[in-house]
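Novice: What follows is a predicted protein model with its sequence.
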Amino acid sequence: MITLYSQYFNKDISRRLGRRISKSKAEKYSNDKLLSILKELSFNYEVRDCRYPRLPYAESKMFVIDGNVKKSTLLKIIEKRL
């Protein structure tokens, strides 16, 4: 089970606060694009409202993904497809 937060792709926060992809790719991000990428990769997923632990005052989305891939590998695949 892999958990991705929308903060991983937020262009307005620094890497120290949780962004995991490059800023240029993060500018192209939207929740709809992420959902379409997950559908293309045929992963089972669930979307939840949550708060990211490093930024508890900001609302976020949590994507719980059922897959046999490492989180870092999945983030690289998503970054390339954005």
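Specialist: Now that the structure is in, tell me what you want to look at.
Novice: How many neighbouring residues does Asn10 have?
Specialist: Asn10 has 20 neighbours, counted by other Cβ atoms under 10 Å. Placement of C-beta: from N, CA and C, glycine included.
Novice: Confirm for me that it is in contact with Arg20.
Specialist: No - the pair Asn10 and Arg20 fails to qualify as a contact (Cβ atoms under 8 Å) at a distance of 9.7 Å.
Novice: Now do the phi/psi pair for the residue nearest to Leu41 when sequence neighbours are not counted.
Specialist: Take Leu41 and drop its neighbours on the chain: the residue closest to it by Cβ to Cβ, 6 or more residues apart in numbering is Ile77, 7.1 Å away. The phi and psi values for Ile77, taken as degrees, to the nearest 10, are phi -60, psi -50.
Novice: Ile77: what's it in contact with?
Specialist: Applying Cβ atoms under 8 Å, 6 or more residues apart in numbering, we find Ile77 in contact with Ile37, Leu41, Val69.
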